[in-house]
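Novice: Predicted structure and sequence below. I'll ask about it afterward.
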Amino acid sequence: MNYKHLFLEALESIKSNKLRVFLTSAIISIGISSLVGILTSIDGIKSSVSDSFSDLGSNIYTIESERNNRGRSSGLRKKNQPPIRYRQAKEFTKKYEGQGTPTISTGVTGTAELKYKSETTNPNVFIEAGDENFILVENIILQNGRNFTKIENESGIFVTLIGSKIKSALFKNNEDPINKYITARGNKFRVIGILEEKGSSFGGGGDNRIIIPIETARKLRPTSNYDITVKIEDVSLIENDMDYSTNLFKILRKDPIGGALSFEIKKNESLDSELDEIEGYLKYGGFTIGFITLIGASIGLMNIMLVSVSERTREIGLRKSIGATPKLIRNQFLIESILICQFGGIGGVLFGLIFGNVVTYLIGGSFIVPWLWVFLGIFISTIVGMGSGYIPARKASKLDPIESLRFE
């Protein structure tokens, strides 16, 4: 008897116990679907979040000086890093010939009060200043209006981009803020753009902020410290570009050769690292849930196979009496067990893909097929079938043919 006949015999045995097989496959299907579904939804969520918040991605690095460098931290004196002056930052952007786009920015104040006609905001508005490349590098999207131009920045024109909370606080009854004048720190600014809503979890004031040209900010209040941010389109070039910028800025800062840097250069990896950490925890949870469910399913399957061995004792004795070897008997029961698990595994993969992609769709992601998790689900169901069927199959293969034929 070859394996084709064993396979057909296994199918016939499964057909004769449809309800029992269905219930066992259903339990296995639930375990596999929870595993594949959770892992699929995690991949979809990560992809969607990475796309939505690419402005916090790893294609950006910042050159800045250490803040509060006169104190002590954890008993160690902090680095001596003088503030980055505007002249140094401006010189960097002029001489930079790397692979990205640089921008200069600084915070003006976090306690500004804005006015428009009779409306006034709370004195907690964040005023941020940047050059004409600032919103491009920071991936800030305009809901309406336009960005300020290079000429407006260099001329120090009093124009501004406002956040969504500023719009709702000052402009009532759906009044269009574009080309209206608001007052900040005793100066009138013409609104030329409205920032897309981001939410309060974002740094720099979130939606409760305005952005003004950096030359305009210098007229309001000379700032002692500036940041330089560089955005690289090809993330694979970021390390080389950071080395280039480090060497260039060392020259501009007149840092001694072989000495410590007088500035910090940091790659923004916060989103990727946090998502990877969260993804790891969620995947551990998904594996745990699926594993516990599959343990219960495997115990149920083993019980069913042991009952099947008892019910078919006479059949086993008859087959052995006409020449079936213990190996063939064992393989037949193993194939039955694996087939039952495969039915459950395939169903579980399909349900898991549907569940995972529904979750992904609800958060704005696109349809994905995680082939790794699909093959993993099928592989695990095969392992469960082999593990659950081995003891019953071994028991069946060791039955004495004479005693089996006498079994009632």
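Specialist: On my side now, so go ahead.

Novice: which residues touch Glu336?
Specialist: Residues near Glu336 by Cβ atoms under 8 Å, 6 or more residues apart in numbering: 10, 13-14, 305, 308, 389. C-beta: built from backbone N, CA, C; applies to glycine.

Novice: could you pull out the helices for this structure?
Specialist: Assigned by DSSP state H, the chain shows helices spanning 3-15, 18-52, 86-95, 134-137, 150-155, 164-170, 214-220, 238-253, 270-311, 313-321, 326-362, 371-397, 401-406.

Novice: could I get the ones you listed as CSV with mean pLDDT and distance to Gly186?
Specialist: As requested, the helices of the chain are arranged in CSV below (pLDDT from 0 to 100; distance: least, Cβ to Cβ, whole Å):
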stretch, mean pLDDT, distance to Gly186
helix 3-15, 71, 84
helix 18-52, 73, 38
helix 86-95, 93, 22
helix 134-137, 92, 24
helix 150-155, 94, 20
helix 164-170, 93, 17
helix 214-220, 91, 9
helix 238-253, 92, 34
helix 270-311, 72, 37
helix 313-321, 76, 97
helix 326-362, 81, 48
helix 371-397, 79, 60
helix 401-406, 65, 101
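
Novice: Those: which one's closest to Tyr61?
Specialist: helix 238-253 (5.5 Å; Cβ to Cβ).

Novice: any idea how far Ser34 lies from Gly352?
Specialist: 7 Å (Cβ to Cβ, to the nearest Å).

Novice: Quick check on these two: which one has the bigger neighbour count.
Specialist: The neighbour count for Ser34 versus Gly352, taken as other Cβ atoms under 10 Å, is higher for Gly352 (29 against 22).

Novice: Pretty sure the more buried one sits against Val36.
Specialist: Yes. Assessed by Cβ atoms under 8 Å, Gly352 is found in contact with Val36 at 2.9 Å.

Novice: Common neighbours of the two, please.
Specialist: In contact with both Gly352 and Val36: 373, 377, using Cβ under 8 Å, 6+ apart.

Novice: what's the angle between the top strand by length along the chain and helix 86-95?
Specialist: Identified as the longest strand of the chain according to DSSP state E is strand 100-112. Angle, strand 100-112 to helix 86-95, by axes from the mean of the first three to the mean of the last three Cα atoms, to 10 degrees: 150 degrees.

Novice: can you tell which of the helices of the chain is closest to Ala184?
Specialist: helix 214-220 (8.4 Å).

Novice: buried set for the closest one?
Specialist: Buried residues in helix 214-220, counting neighbours by 16 or more other Cβ atoms under 10 Å, are found at 214-218, 220.

Novice: likewise stretch 184-195?
Specialist: Those would be 184, 189, 191-195, for stretch 184-195 by 16+ other Cβ under 10 Å.

Novice: returning to what we had before: now for the longest strand of the chain, which elements pack on it?
Specialist: Contact partners of strand 100-112 among helices and strands, from 3 or more Cβ pairs under 8 Å, 6 or more residues apart in numbering; DSSP states H and E: helix 86-95, strand 125-130, helix 134-137, helix 214-220, strand 227-232.

Novice: what does the last one rub up against?
Specialist: The set of residues that contact strand 227-232 without belonging to it, under Cβ under 8 Å, 6+ apart, is 59-64, 84, 89, 92-93, 96, 98-106, 136-139, 238, 241, 245, 249.

Novice: Average pLDDT for that strand, rounded please.
Specialist: For strand 227-232, the mean pLDDT works out to 92.

Novice: Tell me how far that strand lies from the chain's centre.
Specialist: 23 Å (Cα atoms, centre = their mean, to the nearest Å).

Novice: how big is the angle separating it from helix 238-253?
Specialist: 150 degrees.

Novice: Counting neighbours, what do you get for the closest residue to Gly348 other than its chain neighbours?
Specialist: With Cβ to Cβ, 6 or more residues apart in numbering as the criterion, Gly348 has its nearest non-adjacent residue at 2.6 Å, and that residue is Ile32. The tally of other residues near Ile32 (other Cβ under 10 Å) stands at 31.

Novice: Is Ile32 in contact with Gly344, as I believe?
Specialist: Yes. Using Cβ under 8 Å, Ile32 is in contact with Gly344, at 6.5 Å.

Novice: Identify the contacts common to the two.
Specialist: In contact with both Ile32 and Gly344: Ser381, using Cβ under 8 Å, 6+ apart.

Novice: Of the contacts of strand 227-232, grab the buried ones for ChimeraX.
Specialist: To isolate the buried members of those in ChimeraX, using 16+ other Cβ under 10 Å:
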select :59,60,61,63,64,84,89,92,96,98,99,100,102,103,104,105,106,137,138,238,241,245,249
